[in-house]
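Undergrad: Next comes the sequence, and after it the predicted model I'd like to discuss.
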Amino acid sequence: MTILVGTLSIAITLAWGGFLRDMHEVTLSRQLAQTAADAAALAAVAEAAPYGVGAPAAQAREYAEANGAHLLSCDCEAGAVGAQVEVSYRGVVAQARAAYDPRRLQPLPTAATQGVHPALAEAVGALVRASEGAVYVVSGYRPPQRQAELWKQALAKYGSPEVADDWVAPPGRSMHERGLAVDLGGDTGLAARLVADLGLPLYRPLPHEPWHFELVGTRRTP
Ligand SMILES: [Zn+2]
């Protein structure tokens with residue numbers, strides 16, 4: 001800010017045309033300094049978050065420099081929920097602060113719900129977010145090969161197809177293979193309450209599998 005005022009007072013002594021040009025340059029430098037600061041702060045806080053590798057200052061420096069600025073300071077620690085940086089761009093100093101709400105940073109069900117029906121993925125995503133970490137996706141889409149493996153394990157464990165069938169669907173008969181089921185972990189009671197509270201199109205068709213949720217209307221009743 002001090003530097004900016006200094007530049008302005010010099011600019012005023014210049015001829016009118018030069019004044020305008022310098023004003024433009026000052027404004028531009030200010031904007032670019034702020035952009036560099038914003039980028040550095042965002043990079044730092046992303047790096048500080050659980051998915052970073054824990055080097056927020058290095059990330060802040062890299063992003064400041066990628067925007068042509070120098071990092072003057074970075075108040076950023078690994079694991080912190082906020083980061084504050086100060087950068088200098090052509091003598092113009094800018095600051096920025098970035099923060100995140102850790103409650104919104106629950107593992108998104110994106111990877112776990114890959115391959116499942118989009119409507120199911122959407123409903124499960126809403127449920128997981130609303131649970132604020134108490135509910136998560138354990139299993140979603142299962143390729144037929146994986147279902148065959150599970151069936152083999154169940155056969156070995158329960159001894160007969162009749163009993164194994166109560167726990168694992170034989171290959172070709174699982175709703176998971178069709179991308180129409182997810183198994184949830186954590187507080188499945190809360191999951192059921194959230195389904196009702198949020199009016200989500202999910203239900204639990206298997207009484208002995210309270211973690212298994214499907215989209216309403218996709219299972220044909222025998
Ligand atoms: Zn299941």
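TA: That came in fine, so what should we check first?
Undergrad: Quick check, the residue in this structure closest to the ion?
TA: Nearest to the ion in the chain, going by Cβ to the ion, is residue 212, at a distance of 3.5 Å. The way it works is simple: take the backbone N, C-alpha and C, and place the C-beta from them, glycine included.
Undergrad: Who are the contact partners of that residue?
TA: Applying Cβ atoms under 8 Å, 6 or more residues apart in numbering to residue 212 gives the contacts 181, 182, 183, 204, 205, 206.
Undergrad: do the same with residue 183
TA: 137, 138, 139, 140, 176, 209, 211, 212, 213.
Undergrad: what does residue 78 give?
TA: For residue 78, the contact set (Cβ under 8 Å, 6+ apart) comprises 47, 48, 52, 54, 55, 56.
Undergrad: least trustworthy position among the residues you listed, going by pLDDT?
TA: Across these, the smallest pLDDT goes to residue 52, namely 64.
Undergrad: Name the residues of this protein found near the ion, please.
TA: Counting by Cβ under 5 Å from the ion, the residues of the chain close to the ion are 181, 183, 212.
Undergrad: Skip ahead from the least confident helix or strand in the chain by mean pLDDT and say which helix or strand is next.
TA: When the helices and strands of the chain are compared on mean pLDDT, DSSP states H and E, helix 2-12 comes out lowest with a mean of 46. Downstream of helix 2-12, the first helix or strand assigned by DSSP states H and E is helix 16-48.
Undergrad: Which pLDDT value belongs to residue 76?
TA: 87.
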